[in-house]
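Trainee: Output the structure for:
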Amino acid sequence: MIGPLPPLKHPLRSSRLALARPLLPLLRPSSSRLASTSTIIADDVTVTPKSEAKRKADSFYISNVLPIALGKWDPRPALAAWREETLLERLHDIGSEIAGHEFRIESWEIARKDGGVFLHYTYVPPPPDALEIKAEEAEDLYSLNALPEATTPAPDSPGRLFLPQLLESAKKHGGFPSWAGQWWADIEGRTQSDQVPGHRVWWNNRRTGISKVGDDGEEALVKGSGAGLSLIQAAAGGGRAWVVKGRQWTEDMSRFPSNRLRVEFDGPDVSQEMLYTLFRPYGRLSDIQPPTPVPAGSLRFASLSFSRLSPATTAINVLHGYSTPTNTADFTARRAGSTGGSEAPPIPLSRLRLYYERPLKAHAIRDWISGHPRIALPVIAFLIGTLSYTFFDPIRAFFVRSKLEGVWDLEQYSLIKWVKQKLGLFNSTLGFFRTSSGGSTDEEGESVGKNAWKDRIDAEKSVERWLSEYPSTFITITGPPGSGKASLVQRVLKQQAKPALVIDCAEIAKGKSDGQLIGALAEQTGYWPVFSFLSSLNGLIDLASVGLIGQKAGFSTPVDQQLRSMLEIVGGSLKDVSAHKQKAHKAAIEDEKECRSVQAEHERRRHLIIRGAYHDGRLDYVSGNGLITELGVGQEPVYEADLGPPPPPPMDDTAPIHGEGVPPTMGSLDRGIMPADIPIPESSRDGDIEAEAETIRSLPIVVLKNFAQRNAKGDLWNVLSEWGASLVENQVAHVIVITEGPTATKALTRALPAKPLNTVGLSDADEANSLDYVNDKLVSNKKDSVTGLSNDDAAQIAKLGGRMVDLETLVYKVRTGSSIKEAVDDIVRRNVVELRKQAFGDDAEDAKSLPWTRAQAWKIVSDLAKSDELPYAKLLQEFPFKGSESSLKAMEEHELISIAYYEGRADKIRPGKPVFRYAFEALVDDPVFKATCQIEYNSAVIAKAEADIRTYEAELTNLQAITANGGDTALGVEQGGFLGIGKSSAIRERARALLEKMGKTVDKQGKLEGENAEMMKLLGKA
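Mentor: Numbers count the residues shown, from 1 in each chain. Predicted coordinates:
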């Protein structure tokens, strides 16, 4: 008989078992569902004092009874808590059938986070001589070499004494219970039944000469293990019942189960082979990471990764606190010493401390991103762009379509219109009441303006004609401010009744930053949602990425590209709106054709009924009239020979007289019988033309209002013109551009260089139309008794020159009690103040920020005060505009002047608006202002003259030097000299010309200085 090996250090869990109390009353405490563990005391058991002294305490761990908590947010433990009572009752029934060795259940303890239940029990171990292992059985145990316990034939092992009975009892009761039901318990049992480590097991029976090979435990039952359990099952457990080998540690911290375990060594390091031997019975290991250097005073540890979560929870509950040899060599030496009969050398042991380790360490993603910015930042930018494209872009397209179709415009709904008509509400949705007379003010004003300006009618007809065709180019409406461009477009849109998108470019151009520019465009187009604040944030991220990785991460996008992306979505929405209208029109046409087809079929049947040839196909099929109907294919055709004579109309015996009906004949009746004989009325011969016209009517209209009238951030005008050109070229929409002058059309021409623009030019009204307009406006006001305008009034109104804004201001002032002369003088006075500030600045510092000089502004003011227009080309050849054409363009942009073009070239310069002519005269008539500006202008001219004189002097000095050094002889042009030409007088002529220019410049300088002296005297008297 083989003697037993020295026992390994195997600390048992301390007994925290209470005395027996009834089970069921303790199954319902409310606090047991809230704690991390719950302990249930078993029933009373009668024991004797003699056996109590020999009792040993141990535990089994039953896994997967409750759900494994994945985190605080996991609701399954709370749901499973309602079944705890039933589950524990079943477990107690299973454990109660274990007998032998005075086995007694002390308590049941729930490990809530791990989803298992501890069975705490005590027993009286059998005497050593009661269970001896035969030599051949011991050899079989050594041959497997699976666990330290397996190599030590311990007949009093709890796994060999009670685990077979526990498994047999569980099998009798249908298996260990589970919170998810028996089907889940069966799955878990099958998953964990294959627990033999290694890929294949082989051993040779030396006594019988029979070799056995099995896969994963097949044919691997060990003799003497008790009730047919494998050696590993007897030592560690199996299925869902496991022997607790260490010291149980239950806690309620926020450490949730993971398939990754941290194994700390309280002692020497344990080898990977030993760790595999210890942990493999509980489930498949996917990886073992050996210990790494740690700070002084810290325990070294290894990391184990299970392939599943459940084996990890089982291992941590049964092996925590277990003391094990560090390697297989120590185990072999120990076994050799025991078999030799001598005392074995001391084997170093290491106590295991097990903890869950998160699969991803804290801030792992953040650390990886910070460690790989060249990869992470572009990928994040790509993902953000993909999210925007797949999620936000359809939402934005929906809101743009809603704006085009007027979904959010309550005034388009019939109910709102009816309420406004009945209650007399304002156009706004605020609901303010207005008087009945005020309800038609807008309509009367519109009709008055249209009747007063007859030339607008022709312009409207031209625009409507272009809108009735396929779009091929821009429709531009130019004209000075107040010429009625916007009102003309509004009337056209109202008559067309097409989906229209009006974009006020002036509001967009007000944006000073990228975010404001994008937000303004989004507001004008209905583009929502828009995250304009991200532009600045993305710029900061790119700036930081340049410092980190030396290149931009791609988060920020140029504002021009962002505007193009937004307008691309708007263009797609315009196309969708057009397609929706065309689809609705086609559906209406199909419905109409179907109705006509039904009517034609009814007409055919009526003719057949009159001739007596109509048969219901269903009756023919039942009665079997004819071969075709008997086959169920259709109805046999009826020919003329098959028809009887038509029934005569009801008549008396007397012959018909004049005016009475005559019996019909075969010829007088319709011969059409079959559907092909009865023509179906067609919709129209020009159906294709009508369909094409409907396609044109379905095209939406895009209005670019106030286009390129001021400077804007970025390349806004080119972006808008290129987008409008794409709409026109792809025949997506008509594009109407409202601008004040030909300068704005340059961007449009660059976008469509090969196609001319459809231009409508509006100008200020002539004198007759202006007088009619003012007179009609004043007469239309019922509070005024004006019946006509005098000659003096007409002369005053003529000063405004037909500018709509000024005429409306005049009418308003006259209605408030001012006379026409007072109103006109006040308008002129206001324009004088505006011109003085806008053209000359408030002070010298303000004048430096102007794109022109004060001398240039005074030149324009003084010359236009004398003449209605100035020649553009001549002005550019004179001081102070010589070589400074940009100053004239800047004045045009600020509406100080207007430039008239002839055949595409600048021709004449006129005041920015007609009233400026009289404002210029008022500025010139102001003696102090005139003196100040004239002195500044003369000083600039004098400075220019002095510079010219210095230039003349320098050139004369050079000519004098040439003459002093030999003159013609030195140059080789003496008589008979160079090319045979006689003596030259070029130096003399050049000197004479320079002296003449110098004299004129000196005279001009003296004259200007004298004029400045007179102006200074005038300023001294002022």
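Trainee: tell me the domain boundaries of the chain?
Mentor: Domain ranges of the chain: 54-127+144-191+233-244, 399-417+447-530+558-625+693-761, 767-923, 926-963+986-1021, per the TED database.
Trainee: Give me the helices and strands touching the longest helix belonging to the chain, please.
Mentor: What stands out as the longest helix in the chain, according to DSSP state H, is helix 559-611. Counting contacts by 3 or more Cβ pairs under 8 Å, 6 or more residues apart in numbering; DSSP states H and E, helix 559-611 packs against helix 393-405, helix 514-525, helix 687-697, helix 716-729. Where C-beta positions appear, they are placed from N, C-alpha and C, glycine not excepted.
Trainee: So in this protein, where's the weakest helix or strand by average pLDDT?
Mentor: Lowest by mean pLDDT, DSSP states H and E among the helices and strands of the chain is strand 210-215, with a mean of 36.
Trainee: Can you pull the poorly scored residue ranges out of the stretch 501-650 of the chain?
Mentor: Filtered on pLDDT under 70, the stretch 501-650 of the chain yields the residue ranges 533-556, 612-650.
Trainee: run the last query once more with 90
Mentor: The model of the stretch 501-650 of the chain has pLDDT under 90 over residues 510-516, 528-562, 578-593, 601-650.
Trainee: for the stretch 901-1022 of the chain, what spans make up the helices?
Mentor: Per DSSP state H, counting those that start in this stretch, the stretch 901-1022 of the chain carries helices over the ranges 915-925, 927-964, 967-971, 986-1021.
Trainee: now do the stretch 751-900 of the chain
Mentor: Counting by DSSP H, counting those that start in this stretch, the helices of the stretch 751-900 of the chain are 767-780, 791-798, 804-815, 820-840, 844-848, 854-866, 872-876, 885-893.
Trainee: averaging pLDDT over each of those, which comes out lowest?
Mentor: When the helices of the stretch 751-900 of the chain are compared on mean pLDDT, helix 767-780 scores lowest, with a mean of 82.
Trainee: tell me the angle that one makes with helix 820-840.
Mentor: Helix 767-780 and helix 820-840 meet at an angle of 120 degrees, taking axes from the mean of the first three to the mean of the last three Cα atoms, to 10 degrees as the criterion.
Trainee: so can I have JSON lines of the domains of the chain showing distance to residue 303?
Mentor: What follows is these, written out as JSON lines (distance: least, Cβ to Cβ, whole Å):
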{"stretch": "domain 54-127+144-191+233-244", "distance to residue 303": "19"}
{"stretch": "domain 399-417+447-530+558-625+693-761", "distance to residue 303": "46"}
{"stretch": "domain 767-923", "distance to residue 303": "70"}
{"stretch": "domain 926-963+986-1021", "distance to residue 303": "86"}
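Trainee: circling back: indicate which one of the helices of the stretch 901-1022 of the chain is closest to residue 273.
Mentor: Nearest to residue 273 among the helices of the stretch 901-1022 of the chain is helix 927-964 (99.8 Å), distances taken as Cβ to Cβ.
Trainee: list the helices and strands the closest one packs on?
Mentor: helix 854-866, helix 915-925, helix 986-1021.
Trainee: contacts for the second one?
Mentor: When you say that, I think you mean helix 915-925. With contact meaning Cβ atoms under 8 Å, 6 or more residues apart in numbering, helix 915-925 is reached by 799-801, 803, 806, 827-829, 831-832, 834-836, 861-862, 864-865, 868, 896, 911, 929-930.
Trainee: Then the first one?
Mentor: Contact with helix 854-866 is made by 835, 839-841, 847, 850, 870, 880-881, 884, 887, 891, 896-897, 909-911, 916-917, 920-921, 923-924, 933-934, 936-937, 940-941, as judged by Cβ under 8 Å, 6+ apart.
Trainee: Report how many residues lie close to residue 819.
Mentor: Look at residue 819: counted by other Cβ atoms under 10 Å, it has 13 neighbours.
Trainee: separation between it and residue 796?
Mentor: With the distance defined as Cβ to Cβ, to the nearest Å, residue 819 ends up 9 Å from residue 796.
Trainee: same question, residue 604
Mentor: Relative to residue 796, and taking Cβ to Cβ, residue 604 is found at 79 Å.
Trainee: For the closest residue to residue 720 other than its chain neighbours, pull up the helix or strand it's in.
Mentor: Excluding its sequence neighbours, the residue lying closest to residue 720 (Cβ to Cβ, 6 or more residues apart in numbering) is residue 704, at 6.1 Å. Element membership for residue 704 (DSSP states H and E) is strand 701-705.
Trainee: Helices along the stretch 201-350 of the chain, start to end?
Mentor: Counting by DSSP H, counting those that start in this stretch, the helices of the stretch 201-350 of the chain are 231-236, 272-279, 309-319, 328-339.
Trainee: Mean pLDDT lowest where, among these?
Mentor: helix 328-339 (a mean of 57).
Trainee: Within the sheet, what are the partner strands of the strand holding residue 704, with directions?
Mentor: Strand 701-705 pairs in its sheet with strand 500-504 (parallel), strand 734-738 (parallel), by DSSP bridges.
Trainee: got the angle for that strand vs helix 716-729?
Mentor: 160 degrees.
Trainee: Mind listing residues that contact strand 701-705?
Mentor: 467, 486, 489, 493, 496, 498-506, 574, 720, 724, 727, 733-738.
Trainee: would you put the C-alpha positions of that strand in PDB?
Mentor: This file holds the C-alpha atoms of strand 701-705, laid out as PDB (Å, rounded to 0.1, in the frame of the first residue of the first chain):
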ATOM      1  CA  ILE A 701     -37.300  79.700 -58.700                       C
ATOM      2  CA  VAL A 702     -34.200  80.800 -56.800                       C
ATOM      3  CA  VAL A 703     -33.900  84.600 -56.200                       C
ATOM      4  CA  LEU A 704     -30.500  86.000 -55.200                       C
ATOM      5  CA  LYS A 705     -31.500  89.300 -53.800                       C
END
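Trainee: mind listing what's buried in it?
Mentor: Under the neighbour-count criterion of 16 or more other Cβ atoms under 10 Å, strand 701-705 has 701-705 buried.
Trainee: For it, the averaged confidence score.
Mentor: For strand 701-705, mean pLDDT is 95.
Trainee: shaky segments in the stretch 351-500 of the chain?
Mentor: 357-394, 404-459, 478-487, 494-498.
Trainee: Residue 90 is nearest to which of the helices and strands packed on helix 559-611?
Mentor: Proximity to residue 90 (Cβ to Cβ) singles out helix 393-405 among the helices and strands packed on helix 559-611, at 53.9 Å.
Trainee: Okay, buried residues for that closest one please.
Mentor: Applying 16+ other Cβ under 10 Å to helix 393-405 flags 396-397, 399-401, 403-405 as buried.
Trainee: Tabulate those residues (a markdown table), appending distance to residue 173.
Mentor: What follows is the buried residues of helix 393-405, written out as a markdown table (distance: Cβ to Cβ, whole Å):
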| residue | distance to residue 173 |
| --- | --- |
| 396 | 63 |
| 397 | 63 |
| 399 | 64 |
| 400 | 67 |
| 401 | 66 |
| 403 | 70 |
| 404 | 71 |
| 405 | 69 |
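Trainee: Closest one to residue 307 out of those residues, please.
Mentor: Set against residue 307, the nearest of those by Cβ to Cβ is residue 396 (46.3 Å).
Trainee: quick one: contacts for the closest one?
Mentor: So residue 396 contacts 527-530, 569 (Cβ under 8 Å, 6+ apart).
Trainee: and it, how far is that from residue 522?
Mentor: From residue 396 to residue 522 the distance is 9 Å (Cβ to Cβ).
Trainee: Between these two, which contacts overlap?
Mentor: Shared contacts of residue 396 and residue 522, defined by Cβ under 8 Å, 6+ apart, comprise 528, 530.
Trainee: quick one on the thing from earlier: so what's the residue nearest to residue 720 bridging to?
Mentor: According to DSSP bridges, the residues that bridge with residue 704 are residue 503, residue 737.
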